[in-house]
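*Asks:* coordinates for the following, if possible.
(one chain, ligands or ions: 1)
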Amino acid sequence: MHLAIDPAWYGAFDDLQEAVWVVDADARSIVFANLAAGRLLGLPREQLLGAAVERFAATPQDQAFWADTRLVVADGIESLSAVLRADGELLPVMRRVTPLAMAPGLGAMLVTMVDCSEHQRAEHELERLLSELRATLDSVADGILVCGLDGRIRAFNQRLVRIWNIPQSLLLKRDDASLHAFLAGRVQDSVAYHAQLAQMQEDPRAPTRDVLQLQGGQIVERRSVPQLSHGSVTGRVFSFRDITEEAQSETALRMAAVAFEASPYAIFFTDARRMLTQVNPMFERLTGLPMAQLLGRCVESLFSPLGSDWTEQIELAWQSTGVWNGELSLTRDSEAPCAVQLAWVVLRGADGTPEQSIGFVRDLTQQHAARKRIDELAYHDVLTGLPNRLQLSQRVESALRAARPGSAGFAILELDLDRFKVINDSLGHAFGDRVLRLVAARLQICLRQIDMLCRLGGDEFVVYLHASDRATAEHVARRMLQEMQQPFALDGISFSIQVSMGISLFPQDGRLLDELIKHADTAMYRVKERGRGNFGFYQPEMNANLLARMQLEHAMRQALGRNDMQVHFQPQIDTASGAIVAAEALLRWTDDELGPISPATFIPIAEDTGYIITLGAWVLEQSVKEAARWMRGGHSLVVSVNVSALELRQPDFVERIARVLQEAQLPAQLLELELTESMLLQDAEEAAQRLQALAELGIALAIDDFGTGYSSLAYLKNLPIHKLKIDQSFVRGLPDDEGDRAIVSAIIHLGQALKLNVVAEGVETEAQRASLQTLQCSHYQGYLCSAAMAPADFAHWLSGQRPAVLEAD
Ligand SMILES: Nc1nc2c(ncn2[C@@H]2O[C@H](COP(=O)(O)O[C@H]3[C@@H](O)[C@H](n4cnc5c(=O)[nH]c(N)nc54)O[C@@H]3COP(=O)(O)O)[C@@H](O)[C@H]2O)c(=O)[nH]1
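*Replies:* Residues are numbered from 1 along each chain as shown. Model (predicted):
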């Protein structure tokens, strides 16, 4: 039995757009088809009826499907399939096959089909567009990230993965939140990063641009634009560009520009023809020309004078090393040319031809001045401008090289200013320096141009007398002494300076400069020993004296330990009453071999070597102990102890004296210290403080040898001085020498005015004492009364004296 369809159905299905068949399941033939089915298959409906359904099966799978429809009959199926149209075209269709229960034993299937060809074409088009879009995304140089408004990631490209270095594992995870967190974690300033995102959310339509610094130094430019769909914002498209290199080279360019502008080097650029194309401010300053006048000028025209082959030199240098380096003279607008160092570098194009050049110019003016100054310093004495020892030695060396047997020799004169230290100490070092310059000028005029006057330092000068024998040297020495006899005047102060000179002759006194200087020095010391202000020639036996001085120093250092020294005491007497008022402690040394040695001989050696500190401390101790003994014996007598400059400068000087007094139980009022004027003027401020401290202890202070120094009375007035001791050189001429009398009288009056005791030293005759009494000098000291006595003799002598009365201040 065959399935027959009632034609009444036709009207019901013909209005449908879908193609509809009813298929006889057993015969697999079409028993019903609507109009849409005819249109779909390109056949009139009539030709469809009774047609085998396999005829329209387009694929082997479809053939198989229609061959066994039992399953279909059972369940029904909807699938994308294709039908073979009458014109042979394969038409994609969405087919639904549903079993129909028509009548018992009759199997039928309702087949509906919708033409999918448009839909499929659209899908294919979409796919093509999508793959094109993906290819485009992946081909752009920027990293792209497309996010929905909710932050969901819609798309990104591979470049984004590379720029951000997104790990593969994270990509596989396909977790948007993790990816966003990763991106935020990679930027250096994640706070700013999030703030920017929040801002974007607030204003979703605004395009943005910012620069992100990633961990590790990478710099990324982020741009974003809103993603629009039908005029509404649906998300945001981010693009990321790695601008690390760009930023770095931009920074480098900016730095280069700053360096160019602010460089201490004058810098210029030229074109291939060496015409200036750019200069920096330093170049303008150095040349004194504004940029407008420089640009377009040929570099060579700025430097002069140059050798004619300079251009060739440049070419050669550029060919071999690419840079020409050298010293030149730069012409300047309204100033004298200046020396410069030019480093001129060629910049070549890709083909190797010079295209530009760059020059670095350094002003050498200061360097040249410094070099000149260094030369001056190396060969000259800074204070006087005279040649120094180095120049002298070069001069003498050339004289030694030129020396031939029988040719004229030369002389070396060593000069030392006598008592220059007193000027320095009393009038200050600045004044002393000016005196040295005056002395240098005076000495210089006594010499020929061919001779050389040098300053070795301090007040020590050396003269090289070219081609000079003994007679010439003597002549020059006399001239210098004469010249120095003229008084000097500075700042309204008149003074005279003596020099002592020692002379050695080449070749007889030495063949080397050092030897000649040493011998001239020895000769000079001999002159000083003999009274200064003169000259003397070196004699070989003089060296023996130096040796003697060394032996004396050695013996002196042994003397204390051997009990070869003793402190003697010389009384100081009231001029009017003859009563003893004080005693001066004077050191005495008798050596087993050398016999008695005067303190005038060994004290200066002790001062020179620093041994005076040991000696002075011992003398003080002995003197204080002795005075304590006198006191205990009923004679409260002031003991006066000489102090050297070095001792006063000892930091613990005051404390040490206080300790000695304390140990000996001697009241400070019974101790007096004798200081010289010049000592007080060295480190005047410190000395004044020490004296004040001593005075506060109750110790009296006397100025020894008063009148021989250059004390400033204003300064002395402020010191806690109790006594002036008139130097014996002024006393010697009393009573007859008017000059001495006037000086002594002036000192006495000064003492009276300042309420000081005045002691005249070295009084040997009654006439001197009487004269002093007439002049109202309160005290005297000298052989007239007694020389200094050993302690026992003094004690014995003292016992026969009236008990002393403490001196009033
Ligand atoms: N720092 C120290 N200096 C000391 C010390 N002991 C001595 N001296 C100083 O040595 C210089 C020489 O001293 P001296 O040979 O002892 O001569 C002194 C007197 O003996 C001497 N004098 C005394 N009366 C007469 C005299 O009538 N005629 C004469 N021709 N000479 C005499 O004069 C010197 C006095 O010295 P002073 O009062 O100090 O000026 C000398 O500078 C001593 O200061 C010491 O322990 N420490």
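
*Asks:* can you pull the domain assignment for the chain?
*Replies:* Domain assignment of the chain by automatic domain parsing yields the ranges 8-115, 121-246, 263-368, 380-540, 564-798.

*Asks:* nearest to the ligand, out of the ones you listed?
*Replies:* Taking CB to the nearest ligand atom, domain 564-798 is the member of the domains of the chain nearest to the ligand, at 3.1 Å. Any C-beta I mention is one placed from the backbone N, CA and C, and that applies to glycine too.

*Asks:* that closest one and the ligand in contact?
*Replies:* Yes - for domain 564-798 and the ligand, the contact criterion (CB under 6 Å from any ligand atom) is met by 570, 584, 586-587, 598-600, 603, 616, 619, 642, 644, 674, 704-705, 728, 761-764, 782-783, 788.

*Asks:* ok, back up a step: possible to save the domains of the chain as CSV with mean pLDDT?
*Replies:* CSV is the format used below for those (pLDDT from 0 to 100):
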stretch, mean pLDDT
domain 8-115, 84
domain 121-246, 90
domain 263-368, 90
domain 380-540, 92
domain 564-798, 91
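
*Asks:* in CSV, list these along with mean neighbour count.
*Replies:* Compiled in CSV, the domains of the chain are given as follows (neighbours: other CB atoms under 10 Å):
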stretch, mean neighbour count
domain 8-115, 17
domain 121-246, 14
domain 263-368, 15
domain 380-540, 18
domain 564-798, 18
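
*Asks:* of the residues of domain 564-798 next to the ligand, which belong to helices?
*Replies:* By the criterion of DSSP state H, membership of the residues of domain 564-798 next to the ligand in helices covers P599, A600, I603, G616, V619, Q728.

*Asks:* hmm, which two among these are most spread apart?
*Replies:* Longest distance between any two of these is 21.9 Å, between G616 and Q728; criterion CB to CB.

*Asks:* element containing the closest residue to V654 other than its chain neighbours, please.
*Replies:* Sequence neighbours aside, A693 is the residue nearest to V654 in space, at 4.5 Å (criterion: CB to CB, 6 or more residues apart in numbering). Here A693 is covered by helix 684-697, with elements defined by DSSP states H and E.

*Asks:* give me the helices and strands touching that helix, please.
*Replies:* helix 653-664, helix 677-681, strand 700-706 (3 or more CB pairs under 8 Å, 6 or more residues apart in numbering; DSSP states H and E).

*Asks:* what is the last one packed up against?
*Replies:* In this structure, strand 700-706 packs against strand 638-642, strand 671-676, helix 677-681, helix 684-697, strand 723-726, with contacts taken as 3+ CB pairs under 8 Å, 6+ apart.

*Asks:* which of these sits closest to Q215?
*Replies:* Of all the helices and strands packed on strand 700-706, it is helix 684-697 that lies closest to Q215, at 65.9 Å by CB to CB.

*Asks:* now the closest one - C-alpha only, CSV.
*Replies:* Backbone C-alpha positions of helix 684-697 (Å, rounded to 0.1, in the frame of the first residue of the first chain) are rendered in CSV as follows:
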residue,chain,number,x,y,z
ALA,A,684,102.4,87.6,71.2
GLU,A,685,98.8,86.7,72.1
GLU,A,686,99.8,83.3,73.5
ALA,A,687,102.7,84.8,75.4
ALA,A,688,100.5,87.5,76.9
GLN,A,689,98.1,84.8,78.1
ARG,A,690,100.9,82.8,79.8
LEU,A,691,102.3,85.9,81.4
GLN,A,692,98.9,86.8,82.7
ALA,A,693,98.6,83.3,84.2
LEU,A,694,102.0,83.6,85.8
ALA,A,695,101.2,87.0,87.2
GLU,A,696,98.0,85.6,88.6
LEU,A,697,100.0,83.0,90.5
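
*Asks:* give me the distance from that helix to the chain's centre.
*Replies:* Using CA atoms, centre = their mean, to the nearest Å, the distance from the centre of helix 684-697 to the centre of the chain it belongs to is 42 Å.
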